[in-house]
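Trainee: here is the input, now give the coordinates:
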Amino acid sequence: MHPNIGSCVEKPAQCDGIMTKISMKSTIAELIDRILRIWCDEHGHKKGSIEASRKVKSLTQWIEFGVTDETELSDLIRDDIVISTR
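Mentor: Numbering: from 1, shown residues only. So this is what the prediction gives:
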């Protein structure tokens with residue numbers, strides 16, 4: 001549970017932003033999980049594998065970069081397009 005949720009009882013207006021952030025994080029986690037599950041099935045990897053971890057990192061970077069379309073994200077990791085960390 002988010003540490004600030006307890007303050008929602010006292011100041012309900014503050015909850016909107018907190019709950020929206022929690023909901024967005026949950027939605028992003030679900031998106032990454034769906035894409036990763038399909039990629040792992042297609043490539044014969046387990047979710048906890050090194051290869052899968054690299055794909056999660058790549059997906060996270062693309063999402064932080066602003067790419068949120070599920071099909072586009074799937075294509076990016078399928079085509080092994082990564083954001084350079086240099």
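Trainee: mean confidence for stretch 59-71?
Mentor: The average pLDDT within stretch 59-71 is 93.
Trainee: where along the chain do the helices fall?
Mentor: For the chain, helices defined by DSSP state H occupy the ranges 15-43, 50-65, 70-78.
Trainee: how big is the angle separating the last one from helix 50-65?
Mentor: Interaxial angle, helix 70-78 versus helix 50-65 (axes from the mean of the first three to the mean of the last three C-alpha atoms, to 10 degrees): 130 degrees.
Trainee: just to revisit the earlier point, out of the helices of the chain, the one nearest S84 is which?
Mentor: Ranking those by proximity to S84 (C-beta to C-beta) places helix 50-65 first, at 9.7 Å. Using the backbone N, CA and C atoms, a C-beta is placed for each residue, glycine as well.
Trainee: returning to what we had before: dump the helices of the chain to a markdown table, plus distance to S84.
Mentor: A markdown table is the format used below for the helices of the chain (distance: least, C-beta to C-beta, whole Å):
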| stretch | distance to S84 |
| --- | --- |
| helix 15-43 | 20 |
| helix 50-65 | 10 |
| helix 70-78 | 14 |
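Trainee: dump the ones you listed to TSV, plus mean neighbour count.
Mentor: As requested, the helices of the chain are exported to TSV (neighbours: other C-beta atoms under 10 Å):
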stretch	mean neighbour count
helix 15-43	13
helix 50-65	15
helix 70-78	15
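Trainee: which stretch in the ones you listed is the model least sure about?
Mentor: Minimum mean pLDDT among the helices of the chain: helix 15-43, a mean of 82.
Trainee: OK, contacts around the residue lying closest to V82 once chain neighbours are set aside?
Mentor: Sequence neighbours aside, S58 is the residue nearest to V82 in space, at 5.1 Å (criterion: C-beta to C-beta, 6 or more residues apart in numbering). Taking C-beta atoms under 8 Å, 6 or more residues apart in numbering, we find S58 in contact with 76-77, 82-83.
Trainee: fine by me, we can end here.
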